[in-house]
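# here is my input, please return the structure:
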Amino acid sequence: MKVKNFLYTTFIVFMLFAACKRDHNFGESNGSDGEPTASINITDPNKLIIPESFNFETTKDLEVYVKVSNFSYPGELFRINVYIDEPSTGKLTTAGMTDDNGEYRTPVRVAQNIDYIYIEKVDVQGNKVSEKVQANLFVKKLFTDGVKQTAYNFRKSSSGIDCNTGCTQSYNNHTGDITISSGQVVCVTGTYSGDITINGTGVLKFCGTGTIDSLVLNSTARAYILDDAIATIGRIISNSSSTEFTNWSDSLISNHCATANSIAENHGKFYIQCSLTVSPTGEFNNFGELSVTGHVIDSGKLTNYHYIYVNDYVSVPTGGKLYNYCNFTAKSDFTVSGELISNSYTKVVGTATINSGGKVTLSQQAFISTTNLTNYGQIKTTGSSTDIIKVTGISNLATGSSISSKIQLCDANGVEVNNGSFAGTLSCGGYLSTSVCNIEGFGTFIVPDADGDGIADVLDDYPNDATRAFNQFYPCATTCSNFAFEDLWPSKGDYDYNDHVVAYNLQKVFSPDRKIVDFKLKLKPRAIGAGMQNGLGFSLDNIPPSAVLNITGQVLITGKITLNANKTEANQTHAVIIAYDTPEPFLHRGGGSMFNTIQDNPRGSSDTSYIGVTFLTKLADSLVPFTEFNPFLIANCPNTRGKEIHLPNRKPTDLADQSLFGTSADASNPATGRYYKTAQGMPWAIEIPENFNYPQEKISILDTYNFFDDWAVSGGTAYPNWFRNFGAYVDNTKLFRF
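Next up is the predicted model:
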């Protein structure tokens, strides 16, 4: 329990004392949110000295900017969702579409204590990517991922190896043969010409420019052609299955046929001006760009993570395996007697032949584009995606061949021979986007758009309404904020803030071009700790009444509210909407006095009110910001209309009784824009951006929430979570408990 302080005579004395008090802990050493629990311990609202500029804000306004790159097709649009929690929770606060430049901007209002928001990108195929970002006042998020991630990402930016360190012997501007002994690390820089032989565990690091007429690797030798090298190699001879050859240069030429008998890797650009053979003991891994002017025979293991371009035929004999994870192009025929495993793009300009015993395994929307297809073997798919084979010439599915389900065969001329087992689909429909690997793409993507508003159905909140497309919420789609009022204004109340507690949720409905069509309000009275009946309304301070087409959901029974034809309140400069003039139609009282504020009384329940405001024409988002939402209580509405109670410093409407300003405890000064505050700065209304556990009848909020005073005196910087039910933060015995 907090102990009352002595009366502070000046603000300076108060702050000095508070600073001393903060050096000590009261109760727990830390609060549940990591804030210290030291307190200034004021329980008398009249003794709070609150900064003049503080309006008891529990929210903050963010400006969110999103940029999307790597389009699947020109003009692609993406839906952007902003959540205040993990997207799986459904706590959406706003949604919209990127423009033609892939950009999206929106204001977002969130609770002051929210540290992170979640931004989700959705494409027209329904694929989603989300990122957690800090809830700074300006939020910037770049989505640079492509629609299909490829193994090209395995390529490193550099080798991390150089010729300046770790060398046991160096050659610079050398002409002549070099023999590297076991255990030596030889570095070659400058110009070079000659033969190089590496024995035992020897290592070559080539950083120079020139010609290696013959490179011979014995035993467990290793050769590195490094990043800045410019080299031409004649024969590359590996006399052991344990040697390693690695290229990092973007300018390596082999003017002789190459055979990989052991491990070879290309991370740069490797041009073989003859043919490439991967022997049964060999393994060739391509992470860069490999161009072969002759043919490729893969009897071992050839893996492509980026580009391989073969100007002649490709053969995978029995026992050979070819793994393709990006772009493999053969300008002639492609014959598989062993195995082809692909999850990406394979282009065959000639005939793709799968011999008896040959296997082709596709996955992850793999695409084979060939002129002719002859299948004597097996074509299958793994996973749940559909893989596509496109044939522009003749399809021959021979007896004994098979094509499994999830394979789509596209042959515009029809399948000429179909004697095999075909469980796939014969169709040229569907769509595969182009990418860094699949440079051809497949089909034309048709964006389903039932209402023709330019927003794909999968991205449209209103797929059958061309005038509406997206929603924005406060606090979010699934939760409510709370207003809590003291209704004795301009006199002081007991500061239990339960005279009228109402949960509410705001929603704006946007057109496809991001203009506001509707404004919606959901209300649910939670507590009525007052003896008189109070109404509730709100003002849209930037909108004239004439901008409103119609209003739905109002409940007005006292006869004190006069409406225009469009159901806005009459005689107002701005659009004022009265939701109800008494909450009684929504209340199901449990008995006893008050409604859900006295702990020992029976509990009551309440219905939800839904207010809908439709505008005459579409409005700019800037005209109806959540920041300008101006709710107010009409105190004792059956007897008077003019006694309005607003949030601190929110302007009254034209029908407010301004003669009450500056009377009793009210220290409003319309000339300076000061409204609905006491001289000390205390308000008659507060907002809590979540489900507010309010005090019991006649118990002050300062006696209930131990750090409300710290928060108020600090101008909102200390204890922004004061209303959370964190151990030392609240005396639960004083809360009203359902």
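# which residue lies farthest from the center of the chain?
Distance from the C-alpha centroid of the chain, by C-alpha atoms, centre = their mean, peaks at Gly176 (59.3 Å).
# find the nearest non-adjacent residue to that one, please.
Excluding the flanking residues, the one nearest Gly176 by C-beta to C-beta, 6 or more residues apart in numbering is Gly194, at 4.9 Å. The C-beta positions use only the backbone N, C-alpha and C, and glycine is treated the same way.
# and Glu584, by the same measure?
Leaving aside its sequence neighbours, Glu584 sits nearest to Gln533 (C-beta to C-beta, 6+ apart; 6.5 Å).
# output stretch 438-456 in CSV with nothing but the alpha carbons.
Provided in CSV are the C-alpha atoms of stretch 438-456 (Å, rounded to 0.1, in the frame of the first residue of the first chain):
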residue,chain,number,x,y,z
ASN,A,438,13.7,-19.3,-64.2
ILE,A,439,14.3,-16.6,-66.8
GLU,A,440,11.6,-18.0,-69.1
GLY,A,441,8.6,-18.3,-66.8
PHE,A,442,5.5,-20.1,-67.8
GLY,A,443,2.0,-19.0,-68.7
THR,A,444,0.2,-15.7,-68.0
PHE,A,445,-0.9,-15.1,-64.4
ILE,A,446,-4.5,-14.2,-64.3
VAL,A,447,-5.4,-12.2,-61.1
PRO,A,448,-8.8,-13.2,-59.9
ASP,A,449,-10.7,-10.0,-59.3
ALA,A,450,-14.4,-10.6,-59.0
ASP,A,451,-15.4,-7.0,-58.6
GLY,A,452,-13.0,-5.6,-61.1
ASP,A,453,-11.5,-3.0,-58.8
GLY,A,454,-7.9,-3.8,-59.6
ILE,A,455,-7.3,-5.5,-56.3
ALA,A,456,-6.9,-9.3,-56.4
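# now it: buried residues?
Using 16 or more other C-beta atoms under 10 Å as the test for burial, stretch 438-456 gives Asn438, Gly441, Phe442, Phe445, Val447, Asp449, Asp451, Asp453, Ile455, Ala456.
# repeat that for stretch 490-504.
By neighbour count on 16+ other C-beta under 10 Å, the buried set for stretch 490-504 is 490, 492-504.
# now, which of those residues lie within strands?
Among the buried residues of stretch 490-504, the members found in strands (DSSP state E) are His500, Val501, Val502, Ala503, Tyr504.
# give me the beta-bridge partners of the fourth one?
Counting by DSSP bridges, Ala503 is bridged to Asn482, Lys524.
# rewinding a little: the residue nearest to Gly176 belongs to a strand?
Yes - assigned with DSSP: H, G, I helix; E, B strand; the rest coil, Gly194 falls within a strand.
# name the nearest residue to Asn550, sequence neighbours excluded.
Distances taken as C-beta to C-beta, 6+ apart place Thr614 nearest to Asn550, at 5.1 Å, with adjacent residues excluded.
# enumerate every residue touching that neighbour.
Shown in contact with Thr614 (C-beta atoms under 8 Å, 6 or more residues apart in numbering): Val517, Asp518, Val548, Leu549, Asn550, Ile551, Thr552.
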